[in-house]
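J.: sequence first, then the predicted structure:
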Amino acid sequence: MLINCVAYEHGRKLADIGTDQIAHWLKEPEAFVWVALLDPSAEELAQMQREFGLHELAVEDALKGHQRPKIEEYGDMVFVVMHLVEPADDDLAVGEVAVFVGKNFILSARSRSRHGFLGVRERCEREPLLLERGSGFVLYALMDAVVDRYFPVIDLLEAELEGIEEQIFAAGAARGNIERLYDLKHRSAVLRHAVAPLLEMLNKLHGGRVPPVFASTQEYFRDVHDHLARINGSIDTIRDTIGTAIQVNLSMVAIEESETNKRLAAWAAIFAVSTAMAGIWGMNFEVMPELKWRYGYPAALGAIVIAGLVLYRRFRKVGWL
Amino acid sequence: MLINCVAYEHGRKLADIGTDQIAHWLKEPEAFVWVALLDPSAEELAQMQREFGLHELAVEDALKGHQRPKIEEYGDMVFVVMHLVEPADDDLAVGEVAVFVGKNFILSARSRSRHGFLGVRERCEREPLLLERGSGFVLYALMDAVVDRYFPVIDLLEAELEGIEEQIFAAGAARGNIERLYDLKHRSAVLRHAVAPLLEMLNKLHGGRVPPVFASTQEYFRDVHDHLARINGSIDTIRDTIGTAIQVNLSMVAIEESETNKRLAAWAAIFAVSTAMAGIWGMNFEVMPELKWRYGYPAALGAIVIAGLVLYRRFRKVGWL
Amino acid sequence: MLINCVAYEHGRKLADIGTDQIAHWLKEPEAFVWVALLDPSAEELAQMQREFGLHELAVEDALKGHQRPKIEEYGDMVFVVMHLVEPADDDLAVGEVAVFVGKNFILSARSRSRHGFLGVRERCEREPLLLERGSGFVLYALMDAVVDRYFPVIDLLEAELEGIEEQIFAAGAARGNIERLYDLKHRSAVLRHAVAPLLEMLNKLHGGRVPPVFASTQEYFRDVHDHLARINGSIDTIRDTIGTAIQVNLSMVAIEESETNKRLAAWAAIFAVSTAMAGIWGMNFEVMPELKWRYGYPAALGAIVIAGLVLYRRFRKVGWL
Amino acid sequence: MLINCVAYEHGRKLADIGTDQIAHWLKEPEAFVWVALLDPSAEELAQMQREFGLHELAVEDALKGHQRPKIEEYGDMVFVVMHLVEPADDDLAVGEVAVFVGKNFILSARSRSRHGFLGVRERCEREPLLLERGSGFVLYALMDAVVDRYFPVIDLLEAELEGIEEQIFAAGAARGNIERLYDLKHRSAVLRHAVAPLLEMLNKLHGGRVPPVFASTQEYFRDVHDHLARINGSIDTIRDTIGTAIQVNLSMVAIEESETNKRLAAWAAIFAVSTAMAGIWGMNFEVMPELKWRYGYPAALGAIVIAGLVLYRRFRKVGWL
Amino acid sequence: MLINCVAYEHGRKLADIGTDQIAHWLKEPEAFVWVALLDPSAEELAQMQREFGLHELAVEDALKGHQRPKIEEYGDMVFVVMHLVEPADDDLAVGEVAVFVGKNFILSARSRSRHGFLGVRERCEREPLLLERGSGFVLYALMDAVVDRYFPVIDLLEAELEGIEEQIFAAGAARGNIERLYDLKHRSAVLRHAVAPLLEMLNKLHGGRVPPVFASTQEYFRDVHDHLARINGSIDTIRDTIGTAIQVNLSMVAIEESETNKRLAAWAAIFAVSTAMAGIWGMNFEVMPELKWRYGYPAALGAIVIAGLVLYRRFRKVGWL
Ligand SMILES: [Mg+2]
Ligand SMILES: [Mg+2]
Ligand SMILES: [Mg+2]
Ligand SMILES: [Mg+2]
Ligand SMILES: [Mg+2]
Ligand SMILES: [Mg+2]
Ligand SMILES: [Mg+2]
Ligand SMILES: [Mg+2]
Ligand SMILES: [Mg+2]
Ligand SMILES: [Mg+2]
Ligand SMILES: [Mg+2]
Ligand SMILES: [Mg+2]
Ligand SMILES: [Mg+2]
Ligand SMILES: [Mg+2]
Ligand SMILES: [Mg+2]
Ligand SMILES: [Mg+2]
Ligand SMILES: [Mg+2]
Ligand SMILES: [Mg+2]
Ligand SMILES: [Mg+2]
Ligand SMILES: [Mg+2]
Ligand SMILES: [Mg+2]
Ligand SMILES: [Mg+2]
Ligand SMILES: [Mg+2]
Ligand SMILES: [Mg+2]
Ligand SMILES: [Mg+2]
Ligand SMILES: [Mg+2]
Ligand SMILES: [Mg+2]
Ligand SMILES: [Mg+2]
Ligand SMILES: [Mg+2]
Ligand SMILES: [Mg+2]
Ligand SMILES: [Mg+2]
């Protein structure tokens, strides 16, 4: 579905144009065309391929989707794939945007995501001095918008992790903790798959040799790079902390069990002594003088209770009760 | 066993030829010969060695098999080994294909695998504009077919992992989970041995200096590289998740045991108290007034039951029962 | 908030100047201006941006804060971000300082930290031969001060770790140990986030090509690099030791539990034997000759005690009691 | 001890020569001398040092032994150390061979190993076209023989690992498994010490710049490199699998213990109920009507047995028995 | 404290000189001065700084100590720091030696270590042909001596590890093992801090560009490099083995506990059955015919013993007893 198709010159919007006018505008040496598609059909992409001379392998990637984030050069054209990560219920939803950038055009094809880039277009149109740098700057603006949307996801994961950490030394929380940690590990892997490959490839757009269309935007892409490095660092920390938390959780289960065992053992001992004493006075020997005593029974009860109390206090002292 | 032996020129099939005609066609400057062997014998390979001037070390690898995936240059010839991975019963079957590529020939020798490459030949013959690029493009088409067959294997492993994940927090599933995780780890290692070495070596065929026969197919090999990187990323994720799942499974065993222990301890306490009380009234003291009471026995039973109920409710409250 | 604004020439302070005089002094070829801001407002930074011609992306980073430590070149200007790490209660407080360095100016903007850099200015003014090297040397002096403040933090973490290590084989300390280890792991991650990215980037300021303003200070930045490498090595050791200590702690819980279990089992056995013996003499068979013996009861008690003692000594011998 | 000393020219053996004739043959521009020593004494090595002009550091390494595998250049001479790994009882025996290669000589010094290289010499003498390439080819032949002997060792380790894997989910095998896994880890480390350093250094002999004596044998050393990479990959897999198997074994111990605990607990419950019921009917209340019933005793026994059976079936149902 | 101050020329000692004569000897183009200090004071180092023109940052490092091992160039001077590791009681004592090397001088400053380098000086003076290479060779001789002293430390750690390994499958050794493993891990970290940074930096002194003073000693430094690589490999193996041993030890605790539990459970079952049987014959039913039998009591005892024996044999058979 076509969202927009606009011609720009010297940083200013000239006109909304039809896709049939693209060929005309591509002949203007100073102008560039910016097209935005949503969930494009094979036919729409085939038309764009003809208009802009896109490489078949790049078009295939944009059509099929489910690509790894990447930045590829085809001659003097650049093809970029980014993941769009959004919180959804208890999981992360992953969409995708494929961007084709040439000297005088930029085409974005967004899939499986509700969030559009209208704000990006508005921001660009408000800053003609920057937009004047051409299609390379538009790619930066799109990329910056995509990457900025990773920050709330990271915040969400960090908040979830902190929530787990508050419970990690609490009694009886082990089962819930381990389930949440496992789930969080999965979500951090989803975000990492969006961030790490892009981070790895972004130095193609700044520093050293870059495609000509990005000659004047290197500081901007380095800034995106820096944002990605921060996010990646946070993901690494989250993943490392999850690993430690899983180990700590196992230790807490073992410690709790060991404490429970001691408490049980103490009570078991108290009752075992009672039962043994009662058993002794339940023996049928004929000559057991205390059985005849007037206060033999209360004395026996007292002895049992005292034995129990003595044990109770000793166990209390060593911290088992 | 010879499967095919065909001469091509300008992207079109000229003729099925006999192996004795190969030398004749190799003299045509614009033509190339494409030979496909299945489980080749030493004699067949020796004949091909003479026809195409293959290096003895490469021929030895093709004959012996069980090679690591690799891409090697011998002068202006390229030798490629790939693993063919197919699901088989509960395991993965691993076959192998060795490919020799020269300026005007390509020879594939497939071993220990049922799946052939007839589809590849048909696809190539349907696209003369691409096939015109020569034997380098045929290698791409073969490699693309091999790598595309890794995707269903990855899907299988991921489905198996998801199946385990559904059970991982279930009671009593620990033994089955650990067996399936161990087995899945093994299968992911088999696929990794097919993918990782090839991924590592594929940059010999695109980017920077490449052998002359691949001058016009660099984007295509980069696309294969990208597919391999995606598969490798998925394998890494599977392996990492298996590691976490093994740890989580151990934690679940510990948590379940700890819950079982508490339940048992609670019942043990209830019966220990009953036994101790019964033991006390079973003592043989002469003066135990309650033994003479008319309703002494039901009262004792009641006391025992009440003690049991009180304990039961307390254990219930703290979640042990 | 403006802390200082001073002009220097040939390593000596010329005058405290107003921010409106900066433009005047920037025209002096031999002089440089050193400005220090604390928690700067957007307006203050905008003014500095105009005076020194700072890049908008760098100014944005300085204003927003919460950056990853980094060293970036913007044309012939260098932008540096460092973390200021200070012990605070039971955690580490992290502030930030952003530094802009040009040929004839240096501007530092400190945020969220109480510790200033007045000592750095005094040290520089005391050593005119070094200060003569210009704004590059001032950056070194600032960086050296920041990095030197990491050492007491490392000492703190190492002391905490040693404190835990003294307890790690002590009975009953497992719960406290694991809580302290988890907390220490978190703090070591905070310090690592300050150190590792800076370490990685510092070779931009010494060795090989460096920005012209740092041409004469390379040995100094290499010394900072060396300090960071030492700190990073210590962090790695702390983190590695924490990992081992967590594993050891889990082992100690298991060992302690196993010892406790043996002790309990021994006592349980002693009482089980007593109870079984008492139960036997509590049976109601008519013909049980020993029940009629005069000293049957004391003999039975003796038998029970002896059985208990025999068991006690055997358990003692095998180390269970 | 001198094993052989032979002069070759144009790929053919000329004569067995005495060590005193070496200097004579070194003057022949087309010939080369191949000397093989076994457990050489300091004197023998000193003589060789004089004959061939060997560097003192290389001679020292050959004499002292216990070196890390390596490939070093001394001027236009190359010095190679390889480990000879052989199965021995339950461990791996590690010998060593040091090889000195110059333009017109090759000297091998083997230590602490029974397996010689006579087969290598025979193979070389059977293939004059290859041997014609000179001392570089002889090094290849030696290295190929050493590396080929690593394959049966890997097969042995893999067979041992598979043997353990068959037991890993078996009841009661945990102790044996862990002992065998620990031992296998040790042996895999021994083999890795032979393979990994050599793999790392082998690119000195093929690809890019190589010493002149190896100019015509690059494909051969790449083949050795490929063999080493395969072995190293197998070692990595073995080590990784051992790590997983140790974790799985621990899980199996925990799972088995948990199953045992449940079985025990079930039987304990059945007997606790019996004992409590018998205890109640063993109380001495005067008014316990059922005690007077004619069939009171069999009824009580029946009640006890039925209670036991009911419990038994419930435990059976939940899988504890 | 000054240990030695000697002038050398053409590989031979000329004279012991006073520190006031250094300036004189530095003017001799063919000579070099070798000074050795022990625990030098600030004054001594300041004097040396004036005599040899040392850089203030290097002098500061030598004075402060506690540096990371390193090799730094200051103009055409080289500054080296090495750790001196010696066994001390149950720990490793770490001293330090800082070495300044110029074209015609070498100055070593040793701290916190009892072992001197007199042997190195004697060895150098015995080999004038090597000493003729100048101050670069003296650095090699010092470094070789330092590194050779790491070997007995590694032997000590390996012996300790083997001692633990002999106990690792022994009953009841878990607590001692884990304490020794933790301690050994710490000591291996100390040695690694001496070795790893030096290994990383040593390629500054051989291969590719080296400082002019080391032009003729490259093979010698490569030999030191090789020794360090061997030591580092051994440390890696020790650390890896410790990690596995900790896991194995935990498994052994679990296995032993599981075996103990089974033994206990078996005895508990035997006594529970005895107690239940005795309890039944202790019930007070009026009609319990066997109570009246003449041999009822011995028969009951026999039944109890037989039940116990039957259980005993079954438990024996399944390996629980
Ligand atoms: Mg960060
Ligand atoms: Mg990263
Ligand atoms: Mg970070
Ligand atoms: Mg972070
Ligand atoms: Mg971290
Ligand atoms: Mg961890
Ligand atoms: Mg991916
Ligand atoms: Mg990978
Ligand atoms: Mg990935
Ligand atoms: Mg993936
Ligand atoms: Mg992952
Ligand atoms: Mg993991
Ligand atoms: Mg584990
Ligand atoms: Mg260090
Ligand atoms: Mg680091
Ligand atoms: Mg370190
Ligand atoms: Mg350190
Ligand atoms: Mg360490
Ligand atoms: Mg560790
Ligand atoms: Mg563990
Ligand atoms: Mg392999
Ligand atoms: Mg490897
Ligand atoms: Mg592998
Ligand atoms: Mg393998
Ligand atoms: Mg593996
Ligand atoms: Mg080694
Ligand atoms: Mg290392
Ligand atoms: Mg090693
Ligand atoms: Mg080693
Ligand atoms: Mg190892
Ligand atoms: Mg390990």
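T.: Received it, and whenever you're ready, just let me know what you need. In this text the structure is predicted, and so the values were computed from the model without any measurement. Ligands and ions are numbered 1, 2, ... in the order given.
J.: for A:Leu205, phi and psi?
T.: A:Leu205 adopts backbone torsions of phi -110, psi 0, taken as degrees, to the nearest 10.
J.: try A:Ala109
T.: Dihedral angles (degrees, to the nearest 10) for A:Ala109: phi -130, psi 110.
J.: burial check on it, number of neighbours?
T.: 25 (other Cβ atoms under 10 Å in any protein chain shown). All C-beta spots, glycine's among them, are computed from the backbone N, C-alpha and C.
J.: isn't it right next to A:Ala62, touching?
T.: Yes: in this structure, A:Ala109 is within contact of A:Ala62 by Cβ atoms under 8 Å, at 5.0 Å.
J.: common neighbours of the two, please.
T.: A:Pro40, A:Leu45, A:Ala98 (Cβ atoms under 8 Å, 6 or more residues apart in numbering or on different chains).
J.: among those residues, name the ones in helices.
T.: A:Leu45 (DSSP state H).
J.: which of the shared contacts of A:Ala109 and A:Ala62 are buried?
T.: Neighbour-count burial (16 or more other Cβ atoms under 10 Å in any protein chain shown) applied to the shared contacts of A:Ala109 and A:Ala62 gives A:Pro40, A:Leu45, A:Ala98.
J.: how is chain A divided into domains?
T.: A:1-148, A:256-318 (automatic domain parsing).
J.: so for ligand 1, which of these sits nearest?
T.: For those, the distance to ligand 1 is smallest for domain A:1-148, at 14.2 Å, taking Cβ to the ion.
J.: chain A: helices as residue ranges?
T.: Here chain A has its helices, by DSSP H, at A:22-26, A:42-52, A:56-64, A:118-126, A:128-131, A:135-148, A:150-167, A:174-201, A:218-281, A:296-317.
J.: give me the nearest residue to A:Ala272, chain neighbours excluded.
T.: Computed as Cβ to Cβ, 6 or more residues apart in numbering or on different chains, the closest residue to A:Ala272 that is not its neighbour in sequence is C:Phe271, at 4.2 Å.
J.: can you pull the pLDDT of the one you found?
T.: pLDDT for C:Phe271: 88.
J.: show me the contacts for it.
T.: By Cβ under 8 Å, 6+ apart, the contact set of C:Phe271 is A:Ala269, A:Ala272, A:Val273, A:Thr275, A:Ala276.
J.: for A:Tyr150, same thing?
T.: Counted by Cβ under 8 Å, 6+ apart, A:Tyr150 has contacts A:Val85, A:Leu191, A:Ala194, A:Val195, A:Ile231.
J.: quick one: the residues you listed as a markdown table, columns for neighbour count, pLDDT and distance to A:Pro152 too.
T.: Output for the contacts of A:Tyr150, formatted as a markdown table (neighbours: other Cβ atoms under 10 Å in any protein chain shown; pLDDT from 0 to 100; distance: Cβ to Cβ, whole Å):
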| residue | neighbour count | pLDDT | distance to A:Pro152 |
| --- | --- | --- | --- |
| A:Val85 | 23 | 97 | 10 |
| A:Leu191 | 23 | 97 | 11 |
| A:Ala194 | 26 | 97 | 13 |
| A:Val195 | 26 | 97 | 14 |
| A:Ile231 | 23 | 97 | 11 |
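J.: of the residues you listed, list those near chain D.
T.: Counting by Cβ under 8 Å from any Cβ of the partner chain, nothing from the contacts of A:Tyr150 sits close to chain D.
J.: ligand 10: which of those residues is nearest?
T.: A:Ala194 (10.4 Å).
J.: so what's the closest one closest to, chain neighbours aside?
T.: Per Cβ to Cβ, 6+ apart, closest to A:Ala194 is A:His83, 3.6 Å.
J.: for chain D, what are the nearby residues on the stretch 151-300 of chain A?
T.: A:Gly282.
J.: roughly how far out does stretch A:187-204 sit from the chain middle?
T.: Centre-to-centre, stretch A:187-204 and its host chain are 11 Å apart (Cα atoms, centre = their mean, to the nearest Å).
J.: how about it, does it get close to ligand 11?
T.: Yes: Stretch A:187-204 lies within reach of ligand 11 by Cβ under 5 Å from the ion, at A:Ala189.
J.: name the residues that touch that stretch?
T.: When contacts are defined by Cβ under 8 Å, 6+ apart, stretch A:187-204 is touched by residues A:68-71, A:73, A:82-83, A:85, A:91-92, A:94, A:150, A:153-154, A:157, A:210-211, A:221, A:224-225, A:228-229, A:231-232, A:235, A:238-239, A:242, B:229, B:233, B:237, B:240-241.
J.: hmm, A:Ala276 and A:Gly308 touching each other?
T.: No: counting by Cβ under 8 Å, A:Gly308 sits too far from A:Ala276 to count as a contact (11.8 Å).
J.: looking at chain A, which residue is nearest ligand 9?
T.: A:His193 (4.7 Å).
J.: for that residue, give its distance to ligand 16.
T.: From A:His193 over to ligand 16 the distance is 32 Å, taken as Cβ to the ion, to the nearest Å.
J.: any idea how many residues pack against that residue?
T.: The burial count for A:His193: 20, using other Cβ under 10 Å.
J.: out of the buried ones among the shared contacts of A:Ala109 and A:Ala62, which touch chain D?
T.: Of those, not one also sits near chain D (Cβ under 8 Å from any Cβ).
J.: for the residues you listed, which one is nearest C:Val35?
T.: A:Ala98 (46.0 Å; Cβ to Cβ).
J.: contact partners for the residue nearest to the closest one when sequence neighbours are not counted?
T.: Nearest residue to A:Ala98, sequence neighbours excluded (Cβ to Cβ, 6+ apart): A:Ala62, at 3.8 Å. Neighbouring residues of A:Ala62 by Cβ under 8 Å, 6+ apart: A:Pro40, A:Leu45, A:Val81, A:Ala98, A:Phe100, A:Ala109.
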